[in-house]
Every structure is written in structure tokens, then in C-alpha cells.
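Engineer: Below are the sequence and a predicted model; questions follow.
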Amino acid sequence: MLIDKNQVKKSFNSAASTYDSNCSVQIHSGAQLTALLKKTKPEADTILDLGCGTGNITYLLSEKITSKNIYGIDISQSSITKAQQKYNLDFLVKDFDNLSINSDIIFANLSLHWSPDLTNTLKKLKEQLKSNGIIAFSIPTQGTFNEIKNSCAIHDFFAASAVEKTLAKLKYSNIVSKTETITKNFSCFRDALLSLKKTGTNYTPKSNSGLSTKIKSYLKSNTPFSLSYNISYFLAEI
């Protein structure tokens, strides 16, 4: 997938000031993933939170999982600045695809799909896990944004089964997965698109060659509109 990390960074930098008031889906999935992780590994020496954004879930992790060190990591300087203003934790501006920190837990809430090569990213992260380490991540999967897939350029979301097969192929063990659908309702289509922009998730590697007739009609409409998120959760050990 031809993802431009500079564009990803630009989107999240632009959204840093509006993210916290629009991130209900991210908060929900982060809480769900944390709860799953706690059942399997309630304590660790070092935790990495990849794609931590403004730090909300990093803070939740610090409250729920006992650890000596926890690092929130994000490509967006503006998001990290927000996180540092809110929480007395360690936050680093780094690209998780160019990371070299050994840890017991690698945690990633709705962030790994921004990698240009998910298989290679999961392979590299496995190499950075300590013995008996665990990776816990959530990722939007096929079915996400079905309402607009035929009229807008959207992300090419993986099938949950494909992600699980990739983990197995990379020799991760004790793989646990589950998927849920979250539907978010908006007053109109324009507000739905605006919500994506306000969380920095509006970037797509695909390009639009102008607005389709359907999109133009959506933008003129004040009819309520919904967006569906298929969120898949994965835990895997080495």
C-alpha cells in the first residue's frame, strides 16, 4: 500500500488541537484493547504505545498495566506536544516503522494500518519484543466505512483473517483475535467527513479525480449519516 508517511504526519499534526473532542472511537477501542491485554499480561517492565496520539490511551495503560517504563510514541510532533502537556509520562516523536527499543509489551491502538507494509512492520516489532513478550493491537478491518466505499477514496482495509494469517506466518504464538462493529452517527454527511479530518484519519493513499455525483449530493444533504468501523483486536506472543 503506497502510504506516504509525510502525509500521515501532516494530517495528525493538523488534527492535534481537535483530536480529543472527536476521538470517541479511538478511546473505546483503546479501552477494549487494554482490557484484553490486562487479562493476559497485567504487568511488564517496558511498554511501548505506538501511535499514541495525544496520550489518552498511554495514560490508561499506565493506570491499568503495572510497568517500570512506558513510552508513548507518535510520528506527529503536535500530538506529542499535546500529550506532554496533559500527562506526566514519557513521550517520543518517532516513526514506529523506524523504531529500535526492546520491550515486553508493544501496544498499538488503531495505528498499524498506517504502515506501508504491515507484514514487515509486524516482523520488525517481533524482533524488538523481549522473551515472553506480547503485541496487542487494534486495527480497522474490511467493512470499515462501507457507507462511502463506492463513492469516496478510502483506505484499503485488511480482512481480519488475513492479519491473523500474517501473525501465524511470522511465528507469533497464542494468537487471540476478536472483531466488533462500531457505528457512529452524524447530523449529516459533511459532519461525518469533518469528524475524520478532526482526528487526522482523513488521509488516504488513494486519490480522487474530482467529486462524484453521489458525493456532491451527499454534501448538499442535511440527512443524518452514519459511519461504521469494523475494529479487530489482536494479541500475540513470541
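Structural biologist: Yep, it's here.

Engineer: Might you calculate how far stretch 194-206 sits from the centre of the chain?
Structural biologist: Centre-to-centre, stretch 194-206 and its host chain are 12 Å apart (Cα atoms, centre = their mean, to the nearest Å).

Engineer: residues of that stretch that come out buried?
Structural biologist: 195-196, 198-201, 203-204 (16 or more other Cβ atoms under 10 Å). (C-beta placed from N, C-alpha, C; glycine too.)

Engineer: In helices only, show me those residues.
Structural biologist: Using DSSP state H, the members of the buried residues of stretch 194-206 that fall within helices are 195-196, 198.

Engineer: for these, which one is nearest Leu2?
Structural biologist: Leu2 lies nearest to Leu196 out of those, by Cβ to Cβ, at 19.6 Å.

Engineer: gap between that closest one and Lys184?
Structural biologist: 10 Å (Cβ to Cβ, to the nearest Å).

Engineer: ok, now Cys52?
Structural biologist: For Cys52, the distance to Lys184 equals 22 Å [Cβ to Cβ].

Engineer: Please say which of those two ends up with more neighbours.
Structural biologist: Cys52 (31 against 15; other Cβ atoms under 10 Å).

Engineer: Find the residue ranges of this structure scoring beneath the pLDDT cut-off.
Structural biologist: Across the chain, the ranges flagged by pLDDT under 70 are 1, 153, 206-216.

Engineer: hey, where'd the strands end up in this structure?
Structural biologist: Taking DSSP state E as the criterion, the chain carries its strands at 43-50, 66-74, 90-93, 103-109, 129-140, 173-186, 225-237.

Engineer: roughly how far is the longest helix that the chain contains from the heart of the chain?
Structural biologist: The longest helix of the chain (DSSP H) is helix 24-40. On the basis of Cα atoms, centre = their mean, the separation between the geometric centre of helix 24-40 and that of its chain is 12 Å.

Engineer: go on, stretch 159-171?
Structural biologist: Per Cα atoms, centre = their mean, the displacement of stretch 159-171 from the mean C-alpha position of its chain is 17 Å.

Engineer: Find the residue closest to Ala44 in space, skipping its chain neighbours.
Structural biologist: Counting by Cβ to Cβ, 6 or more residues apart in numbering, the nearest residue to Ala44 once its immediate chain neighbours are dropped is Asp104, at 3.7 Å.

Engineer: likewise Leu60?
Structural biologist: Nearest in space to Leu60, with sequence neighbours left out and distances taken as Cβ to Cβ, 6+ apart, is Thr34 at 5.6 Å.

Engineer: I figured that neighbour hits Tyr59, correct?
Structural biologist: No: shown here, Thr34 and Tyr59 do not form a contact pair, counting by Cβ atoms under 8 Å, at 10.6 Å.

Engineer: re the thing from before, could you single out the nearest of the buried residues of stretch 194-206 to Ile80?
Structural biologist: Gly200 (13.0 Å).

Engineer: Could you check how far Lys123 is from Ile27?
Structural biologist: Taken as Cβ to Cβ, the spacing of Lys123 relative to Ile27 amounts to 29 Å.
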